[in-house]
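Asks: structure here, sequence nowhere to be found:
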């Protein structure tokens, strides 16, 4: 499904703005397919900050993958002070490299989830994302995976461990990987088996689903961050493209989906902009800060 720039799903969308809080997904939304934040996007974010708005990343990425994005803002008026990471499970102070809070699944719950994943999704690999005190906490193994785990990204950084070791310590996310299946099919298979033990979502269609604490998602993380550090959420705009953005797009006063996005994200949004390779985030923000 695609839509022209500025297509409205909600007739009140034109009455919104300017935003006091801007929240953006990263992959498929803020950055292009070469992992770059365009200069056009950086410039309009800088203008928004100059006008008194706050800009927050809201991503499935862990803190250790945030610098790849924020380093691109160096030497410009744009900056990122905070990031909601791991789909809302981690609140991260970017400027001070400090994890403010982490919602973790206990080992006994992780063990049950692993058993059910193996039962419902044959041949899957399992991994766990853990939270340290910072992006590079040497005391914590941040990402551990079973021997059968086939990484979904080009920059694998996991430590291979035995099955029991995956759930030996609390984790912010349990990742289930089966590249021979689509992510939505995996989520559908596992949803009834998991029940209320965990929140299930995904940010890619290529056979990866992520499980976290119940009611943990980007919207919950943003709401907690607003209260924790005193951000203004009087008028919030959020950008996203995948099912892990749905709650955020619904929570925001004005939710914007990318035109290439998953049908669930498109349905949740108030507006559909152009794609991440066409400065979709910038084009919307330029309405107020251009």
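Replies: All right, it came through fine. Please read all numbers here as calculations on a predicted model, not as lab measurements.

Asks: from now on I want contacts and neighbour counts done on CA atoms only, so please keep to that.
Replies: OK.

Asks: residue contacts, the closest residue to residue 236 other than its chain neighbours?
Replies: Closest residue in space to residue 236, ignoring its immediate chain neighbours: residue 21 at 4.8 Å, by Cα to Cα, 6 or more residues apart in numbering. Going by Cα atoms under 8 Å, 6 or more residues apart in numbering, residue 21 touches 53, 54, 55, 56, 231, 232, 233, 234, 235, 236, 237.

Asks: closest to residue 25 among the residues you listed?
Replies: residue 56 (9.0 Å; Cα to Cα).

Asks: assign that closest one to helix, strand or coil.
Replies: With DSSP: H, G, I helix; E, B strand; the rest coil as the basis, residue 56 sits in strand.

Asks: excluding chain neighbours, what is closest to it?
Replies: residue 23 (4.8 Å).

Asks: sorry, back to before: out of the contacts of residue 21, which are buried?
Replies: By neighbour count, with 16 or more other Cα atoms under 10 Å, those hold 53, 54, 55, 56, 233, 235, 236, 237 as buried.

Asks: spatially, which two of those residues are the most separated?
Replies: 56 and 235 (13.7 Å).

Asks: which phi and psi does the residue nearest to residue 236 have?
Replies: phi -130, psi 130 (degrees, to the nearest 10).

Asks: with residue 145 instead?
Replies: Dihedral angles (degrees, to the nearest 10) for residue 145: phi -150, psi 160.

Asks: who's it bridged to?
Replies: Judged by DSSP bridges, the bridge partners of residue 145 are residue 127, residue 160.

Asks: cool, residue 256 as well?
Replies: residue 239, residue 271.

Asks: what's the neighbour count on it?
Replies: 33 (other Cα atoms under 10 Å).

Asks: before we move on, what about residue 160?
Replies: Neighbours around residue 160, by other Cα under 10 Å: 16.

Asks: number the residues from 30 up from this point.
Replies: Let's use 30 as the start, then, which means that last one is residue 189.

Asks: about what we covered before: Serialize the buried ones among the contacts of residue 50 to a markdown table and add fields for distance to residue 201.
Replies: Output for the buried ones among the contacts of residue 50, formatted as a markdown table (distance: Cα to Cα, whole Å):
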| residue | distance to residue 201 |
| --- | --- |
| 82 | 29 |
| 83 | 26 |
| 84 | 24 |
| 85 | 20 |
| 262 | 25 |
| 264 | 29 |
| 265 | 26 |
| 266 | 26 |
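
Asks: pop the domain breakdown of the chain in here.
Replies: By the assignment in automatic domain parsing, the chain contains the domains 36-131+246-318, 136-241.

Asks: tell me which of these sits most buried.
Replies: Comparing the domains of the chain by mean neighbour count (mean count of other Cα atoms under 10 Å), domain 36-131+246-318 comes out on top with a mean of 21.

Asks: just the mean pLDDT for that domain, thanks.
Replies: On average, the pLDDT along domain 36-131+246-318 is 95.

Asks: now it, how far from the centre of its chain.
Replies: 10 Å (Cα atoms, centre = their mean, to the nearest Å).

Asks: swap in stretch 227-242?
Replies: 11 Å.

Asks: tell me the average confidence for it?
Replies: Stretch 227-242 comes out at a mean pLDDT of 96.

Asks: ends of that stretch, what's the gap?
Replies: 5 Å (Cα to Cα, to the nearest Å).

Asks: same check, this time on stretch 295-312
Replies: Terminal residues of stretch 295-312 lie 17 Å apart, using Cα to Cα.

Asks: cool, stretch 155-164 as well?
Replies: Where stretch 155-164 begins and where it ends lie 22 Å apart, using Cα to Cα.

Asks: repeat that for stretch 151-161.
Replies: Start-to-end, stretch 151-161 (Cα to Cα) is 31 Å.

Asks: how far does that stretch sit from its chain's centre?
Replies: The answer for stretch 151-161 is 17 Å, by Cα atoms, centre = their mean.

Asks: name the residues that touch that stretch?
Replies: 91, 119, 128, 131, 143, 146-147, 168-179, 192, 195-196, 199-207.

Asks: quick one: the residue most central in space within the chain from residue 271, how far?
Replies: Taking Cα atoms, centre = their mean, the centroid of the chain lies closest to residue 88, which sits 2.3 Å from it. In this structure, residue 88 lies at 11 Å from residue 271, with Cα to Cα as the measure.
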